[in-house]
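Q: From the sequence below, what's the structure:
(chains A, B and C)
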Amino acid sequence: MSIRFFALAALAGALVAGPASAAQTLLNVSYDPTRELYVEFNQAFARHWQAQGNEAVAIQQSHGGSGKQARSVIDGLRADVVTLALAGDIDELHRIGKLIPENWQERLPDASTPYTSSIVFLVRKGNPKGIEDWDDLIEPGVEVITPNPKTSGGARWNLLAAWAYAEKKYGGEAQARDFVEKLYRNVPVLDTGARGSTITFVNNKIGDVLLAWENEAFLALKEEGGDALEIVAPSLSILAEPPVTVVDANVDRKGTRKVAEAYLEYLYSDEGQRLAAKHFYRPRNPEIAKEFSEQFSDIELVTIDGYFNGWKEAQPRFFNDGGIFDQIYQAH
Amino acid sequence: MSRRTFPVIPGFGLTLGYTLVYLSLLVLIPLGALFIYATQLTWAEFWAIVTSARVLAALKLSFGTALLAALLNGAIGTLLAWALVRYTFSGRTIIEAMIDLPFALPTAVAGIALTALYAPTGPIGQFATALGFKIAYTPLGITLALTFVTLPFVVRTLQPVLADIPREVEEAAACLGAKPLQVFRYVLLPALLPAWLTGFALAFARGVGEYGSVIFIAGNMPMKTEILPLLIMVQLDQYNYAGATAIGVLMLVVSFILLLLINMLQRRIARA
Amino acid sequence: MSSATLTASASNAARRGNAWGRRLLIGGAWLVFVLFLLLPLLIVVSQALQKGFAPFFAAIVEPDALAALRLTLLAVGISVPLNLVFGVAAAWCVSKYEFRGKSILVTLIDLPFSVSPVIAGLVYVLLFGAQGFFGPWLREHDIQIIFAVPGIVLATLFVTVPFVARELIPLMQEQGTTEEEAARLLGANGWQMFWHITLPNIKWGLIYGVVLCTARAMGEFGAVSVVSGHIRGYTNTLPLHVEILHNEYNHIAAFSVASLLLLMALFILLLKQWSESRINRLKASAGEE
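A: Numbering: from 1, shown residues only, chains lettered A, B, ... in the order given. This is a model prediction of the structure:
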């Protein structure tokens, strides 16, 4: 009997030994909506890197809610680079994990953010509920789909965009809190990541409007062929800045610092910027941004640093335990 | 004859030792780590976490839906066990073989299949939509997913017991003038109850901890459709190890009590 | 005379009542079967094949899917034999001897059944994570457990610990110790006794336990999800791969890989049915003696 099982184990072992490992591997731990971008970018970089006369590199990807991915890296997931949804999550890599220096964001141009995005509305074809701006989202009977801000980076940008709109329009924190509370009262499903919410809205057809990353909304439109959905740009949104960094503790251990740094720098190259734009991220390079300017609508954008004093202040104020989001949710 | 003062069968030390070492390494020490981690919390902190509104809501949901699913299985399982043991009919072998499908099917597959089935546009979900209610993304959807995952428990615990009750006993009771309900109440129920309770408790315990099939169909709304295991995940994802551990300890204690009850029940059956 | 006819007619009435009950119960069983078991199955297959066989096969032979299949088989290939040996040892000491604390031991063996898989994953993160008890030591020695293959195997082992033991304990208790004692008295040593007496007696129960254990190891989701890290082609098992595809708008591929798992599950059910029928035949022949 047991012989048969040892044979099975040996067989399984042989199967596992199958894939030959490339000379060097790089692990990019990223958040939900970047899957398609990095599939293509990884190939481009691998070609570029070898063309430069270096040995071949294989790039592995891992995707999930941004907060969750940061937690995995802190717990020991050996990411060489992280490309997450917001700086607040990468700050935790320094604060809890001591994996990167405090000034990590100063190491690459544009506060280490090679591409940006914003938050837009995705509605069903023909916009049956007539949703034009944030005010329409708090109407009774409108179902809003957004992920859980505790685990999803996109969801945090969503909440802050709504907050900035309400505070500017209605004049104060109390009004903004009231507005956001009404908004979340209209949310029937709270997925853990941006992609989960998109699936809920697009595939399972729950809700009237999805608060989405601009790139995620475009991607959903592309996947659905544009027959079922349309994008609505609100009058005001937030400049979503998903930053990148090398994880020093890991690259130094694995000896991959050089290739990891080259990988991130390549995001700023013309090819990298074009690929970002192709996947509906707003490129930083103004020349390339101009090439793709038709793709993106002009929205007034507030920034996390300008309006909320950066993630170091916004994260505890809004999203930590007992923060504004919790208070709103307890009030339900 | 009874000269067996010490056992002739060898291997007691070896097997007990191996069992204890293996269990300790794989199960007891890791679970112990959970408790040690939890001791970093004061009693007041622990209490504050496990009695917070969100945890209590998840607790109520997890135990409530698991209880409902176990009850539903109590009914469905009895029906299935009865039909399979007492009657021969076409398709019986297929049903008999397929009862264990929920055990063999990965829970993630069950999750996406049930979601596709019960979503408002799905083959069953659309009827619910027409009638004005929703199944997926509500506690009802969670209950149905748990019912699927724990379906075999009651059937499988009832079947052997039912097979052991000779049909003549019922017929004798019926001949003596007992009505079918009376036969059920006085003849079958006492014989079946212990096994039924065991199956019920197993289904309940499994349902409380189930994760894979539920997260696809639950909708995961805090305070509404967020189950306890998901809440542990959420706590972990926001670096709140203390919170995750406290909820973990809470679930573990409840599970352990449940298991003790099951084993006590089983011993009572063995004695009967 | 008259009392005999009376009972006969009463029993006939009961039978007639039973005929209705019979139809109702069989109908109910069919209804439950179709609604709860057959429909989920059909929807998996129909979603997978909605665009024909080509996309179905493409999703299954795609490199990440194959890597996930390999990892799943590896986890099964390691955890099932280990739990098989454990199950035999545990059942041996529980069923052949009387000792203090036996019921506690049985409860402990069962414990992983009712521990939520998420907790199983969590405890390994607490132990082996970079912030956990052994984290710094592991890092120093460059050993990686969680977010790598060992963590996935450990999590799978944890959730499948009880399966073989649980099948064997009642079986071995029922069989008692007389045959083994006879073998010993006739001069067999411990191993001879085990190979020639015990093993043939428990063979089918053993296979049944192994089949259940394999099913669970193959399908584990929650525990593995916590410790996986979700690196494609490296730490994704098949169930996790289904989730990833599901999250990539890749509806057909998700259901195709799900169908593969479904086929494996059906195969396991077939094995189970076979071993079960052998057990029943053994029992029946034992009953005739």
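Q: Using the three-state scheme, assign the residue nearest to the spatial centre of chain A.
A: Centroid check for chain A by CA atoms, centre = their mean gives residue A:85 as the closest residue, at 3.6 Å. Put simply, residue A:85 is coil when judged by DSSP: H, G, I helix; E, B strand; the rest coil.
Q: Start and end of stretch A:203-211, how far apart?
A: 15 Å (CA to CA, to the nearest Å).
Q: Regarding chain C, what is its longest helix?
A: The longest helix of chain C (DSSP state H) is helix C:251-288.
Q: gap between it and the chain center?
A: Computed by CA atoms, centre = their mean, to the nearest Å, the chain-centroid distance of helix C:251-288 equals 10 Å.
Q: Which other helices and strands does that helix contact?
A: Under the contact criterion of 3 or more CB pairs under 8 Å, 6 or more residues apart in numbering or on different chains; DSSP states H and E, helix C:251-288 touches helix B:92-98, helix B:101-104, helix B:107-118, helix C:39-48, helix C:53-61, helix C:63-96, helix C:199-219, helix C:238-246. (C-beta placed from N, C-alpha, C; glycine too.)
Q: give the contact list for residue 223.
A: Defaulting to chain A. Residue A:223 makes contacts with A:202, C:249, as judged by CB atoms under 8 Å, 6 or more residues apart in numbering or on different chains.
Q: that's the wrong chain, I wanted chain C
A: Taking CB under 8 Å, 6+ apart as the test, what residue C:223 contacts is C:117-118, C:120-121, C:155-156, C:158-159.
Q: distance of residue B:248 from residue B:30?
A: Using CB to CB, to the nearest Å, residue B:248 is found at 11 Å from residue B:30.
Q: which stretches of chain A aren't confidently modelled?
A: Chain A contains residues with pLDDT under 70 at A:1-22, A:225-226, A:330-332.
Q: Can you name the residues of it sitting close to chain B?
A: Within chain A, the positions near chain B by CB under 8 Å from any CB of the partner chain are A:65, A:67-68, A:71, A:74, A:92, A:96, A:148, A:150-151, A:187-192, A:200, A:204-206, A:319-321, A:329-330, A:332.
Q: got the residues of chain B near chain A?
A: By CB under 8 Å from any CB, the residues of chain B that approach chain A are B:53-54, B:115, B:119-121, B:136-137, B:219-223, B:233-234, B:236-240, B:243.
Q: Please produce a PyMOL select command covering the buried subset of those residues.
A: Of these, the buried ones go into a single PyMOL selection, burial set by 16 or more other CB atoms under 10 Å in any protein chain shown:
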select buried, chain B and resi 54+115+119+120+136+137+219+220+221+222+223+233+234+236+237+238+239+240+243
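Q: just the strands in the stretch 51-200 of chain B please.
A: Counting by DSSP state E, counting those that start in this stretch, one finds no strands in the stretch 51-200 of chain B.
Q: Looks to me like residue A:211 is in a strand.
A: Yes: Residue A:211 forms part of a strand when assessed by three-state DSSP.
Q: Quick check: it vs residue B:11, distance?
A: Residue A:211 is 64 Å from residue B:11, where distance means CB to CB.
Q: go on, residue B:175?
A: Separation of residue B:175 from residue B:11 (CB to CB): 53 Å.
Q: Surely residue A:41 is in contact with residue A:277?
A: No: counting by CB atoms under 8 Å, residue A:41 sits too far from residue A:277 to count as a contact (11.8 Å).
Q: So which of the two has more stuff around it?
A: The neighbour comparison of residue A:41 against residue A:277 (other CB atoms under 10 Å in any protein chain shown) goes to residue A:41, with 24 against 21.
Q: Identify the residues contacting the more buried one.
A: A:266-267, A:272, A:275-276.
Q: For residue A:320, grab phi and psi.
A: Main-chain dihedrals, residue A:320, degrees, to the nearest 10: phi -70, psi 170.
Q: Can you give me the neighbour number for it?
A: Residues near residue A:320, counting by other CB under 10 Å, number 15.
Q: gap between it and residue A:32?
A: For residue A:320, the distance to residue A:32 - CB to CB - is 21 Å.
Q: what helices or strands is the host helix or strand of residue B:217 leaning on?
A: Secondary structure from DSSP states H and E places residue B:217 in helix B:212-218. Using 3+ CB pairs under 8 Å, 6+ apart as the contact test, the elements touching helix B:212-218 are helix B:107-118, helix B:139-149, helix B:228-237.
Q: Including mean pLDDT, could these go into JSON lines?
A: Output for the helices and strands packed on helix B:212-218, formatted as JSON lines (pLDDT from 0 to 100):
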{"stretch": "helix B:107-118", "mean pLDDT": "92"}
{"stretch": "helix B:139-149", "mean pLDDT": "95"}
{"stretch": "helix B:228-237", "mean pLDDT": "87"}
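Q: Out of those, which is closest to residue A:302?
A: Closest of the helices and strands packed on helix B:212-218 to residue A:302 is helix B:228-237, at 26.7 Å (criterion: CB to CB).
Q: Packing partners of that closest one?
A: By 3+ CB pairs under 8 Å, 6+ apart, helix B:228-237 packs against helix A:66-74, helix B:53-86, helix B:212-218, helix B:241-271, helix C:117-128, helix C:222-228.
Q: which stretch among these comes nearest residue C:50?
A: That would be helix B:212-218 among those, by CB to CB, at 19.0 Å.
Q: ok now that closest one, how far from the chain's centre?
A: Chain-centre distance of helix B:212-218: 16 Å, with CA atoms, centre = their mean.
Q: list the buried ones in that helix?
A: Neighbour-count burial for helix B:212-218 [16+ other CB under 10 Å]: B:212-218.
Q: what does stretch C:44-63 give?
A: Those would be C:44-45, C:47-48, C:55-56, C:59-60, C:62, for stretch C:44-63 by 16+ other CB under 10 Å.
Q: May I see the domains of chain A written out as residue ranges?
A: Split into domains by automatic domain parsing, chain A comes to A:3-113+A:241-267, A:117-240+A:299-331.
Q: Let me have the ones you listed in JSON lines, adding distance to residue B:187 as columns.
A: Shown next, in JSON lines, are these (distance: least, CB to CB, whole Å):
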{"stretch": "domain A:3-113+A:241-267", "distance to residue B:187": "46"}
{"stretch": "domain A:117-240+A:299-331", "distance to residue B:187": "48"}
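Q: among the helices and strands packed on helix B:212-218, which is nearest residue A:288?
A: Taking CB to CB, helix B:228-237 is the member of these nearest to residue A:288, at 34.5 Å.
Q: who touches that closest one?
A: Under the contact criterion CB under 8 Å, 6+ apart, helix B:228-237 has outside partners A:65, A:67-68, A:71, A:148, A:150-151, A:192, B:54-55, B:58-59, B:61-62, B:208-211, B:214-215, B:218, B:220, B:226, B:241, B:243-244, B:247-248, B:250-251, C:116-119, C:122, C:125, C:222, C:226.
Q: ok, of the buried residues of helix B:212-218, which one's closest to residue B:22?
A: Closest to residue B:22, out of all of the buried residues of helix B:212-218 and judged by CB to CB, is residue B:212, at 25.7 Å.
Q: Identify the residues contacting the closest one.
A: Counted by CB under 8 Å, 6+ apart, residue B:212 has contacts B:106-108, B:110-111, C:117, C:219, C:221-222, C:225, C:239.
Q: Are any of these buried, and if so which?
A: Neighbour counting over these (16+ other CB under 10 Å) leaves B:106-108, B:110-111, C:117, C:219, C:221-222, C:225, C:239 as the buried ones.
Q: all strands of the stretch 51-200 of chain A, in order?
A: Using DSSP E, counting those that start in this stretch, the strands of the stretch 51-200 of chain A run over A:57-64, A:81-83, A:115-124, A:144-145.
Q: count of neighbours near the residue lying closest to residue B:250 once chain neighbours are set aside?
A: Distances taken as CB to CB, 6 or more residues apart in numbering or on different chains place residue B:50 nearest to residue B:250, at 5.0 Å, with adjacent residues excluded. If you count neighbours by other CB under 10 Å, residue B:50 ends up with 16.
Q: so who does residue B:50 touch?
A: B:59, B:246-247, B:250.
Q: between these, which is nearest residue C:39?
A: The closest of the contacts of residue B:50 to residue C:39 turns out to be residue B:59 (CB to CB; 31.2 Å).
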